[in-house]
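Q: No letters, just coordinates:
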């Protein structure tokens, strides 16, 4: 499906392809001129989010194991490559080609090289609003206000469910992801020092934007309940 979309991309029109995929998608297109944007997230927070997704989504792989399974077991499950430097896997482009536990420094360095060569910017999930302000300042986005979707209520941090031993094992196993996250965070902080930004002002404007979207939200919710498309 991704390959089919990329074949239809007209780079001259600056089309945007978005989704969850491994670096190198541009190689599937006959038009090689491409740039990337991405968000990175604290590795542990990302893994905990993945656990909640797997535990609640009946269609997710390993749902049967973690519908009632422990977070600690999920984080250390060697079947789940996302929990073995998943960030470096995606940005370096190796994806699932490397077995669990076999990621090396060379893959981390390749991820850094890709960021510096191919990426317009890297956003930080924990600083989402400032990230999209950065994207706007770079001419990537025209509007920065948004409607929240697919959020999970009251899921907590999950850290309280982890033993020190499990946490240390996770951090050691994902040391390349932690290093890449730190690199991206430093790059992000340098890129946003001159961007005028007020979180309270942003929140207010985004709230007003969502008020205008309310009728559309209601219609969408009704269509979902009725099983209608669109």
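A: Cool, the structure landed. Just so you know, these numbers come straight off a predicted model, no measurement behind them. Numbers count the residues shown, from 1 in each chain.
Q: Figure out how far the helix or strand containing residue 65 is from the centre of its chain.
A: Taking DSSP states H and E as the definition, residue 65 sits inside helix 63-66. A distance of 22 Å separates the C-alpha centroid of helix 63-66 from that of its chain, computed with Cα atoms, centre = their mean, to the nearest Å.
Q: for that helix, packing partners?
A: Under the contact criterion of 3 or more Cβ pairs under 8 Å, 6 or more residues apart in numbering; DSSP states H and E, the helices and strands touching helix 63-66 comprise helix 43-56. From N, CA and C alone the C-beta is placed, and that goes for glycine too.
Q: The helix it packs on: which residues count as buried?
A: For helix 43-56, the neighbour count (16 or more other Cβ atoms under 10 Å) marks 43, 44, 46, 47, 48, 49, 50, 51, 52, 54, 55 as buried.
Q: How much space separates the fourth one from residue 177?
A: Noted for residue 47: a distance of 9 Å to residue 177, by Cβ to Cβ, to the nearest Å.
Q: Could you single out the nearest of the buried residues of helix 43-56 to residue 146?
A: Closest approach to residue 146 among the buried residues of helix 43-56 (Cβ to Cβ): residue 49, at 18.2 Å.
Q: Over to the residue nearest to the spatial centre of the chain: give its phi and psi.
A: In the chain, the centroid-proximal residue (Cα atoms, centre = their mean) is residue 39; its distance is 5.0 Å. Per-residue torsions, residue 39: phi -120, psi 140 (degrees, to the nearest 10).
Q: From residue 58, how far out is the residue of the chain positioned farthest from its centre?
A: Taking Cα atoms, centre = their mean as the measure, the residue most remote from the mean C-alpha position of the chain is residue 226, 30.4 Å away. In this structure, residue 226 lies at 21 Å from residue 58, with Cβ to Cβ as the measure.
Q: same check, this time on residue 93
A: In this view, residue 93 and residue 58 are 31 Å apart by Cβ to Cβ.
Q: Please spell out which residues along the helix holding residue 65 are buried.
A: Buried residues in helix 63-66 (16+ other Cβ under 10 Å): residue 66.
Q: outside of the helix or strand that that helix is followed by, which residues touch it?
A: Sequence order places helix 71-75 as the next helix or strand after helix 63-66, per DSSP H and E. The list of residues contacting helix 71-75 from outside it, by Cβ atoms under 8 Å, 6 or more residues apart in numbering, reads 47-48, 50-51, 54, 62, 66, 80, 83, 158, 161-163, 166, 170.
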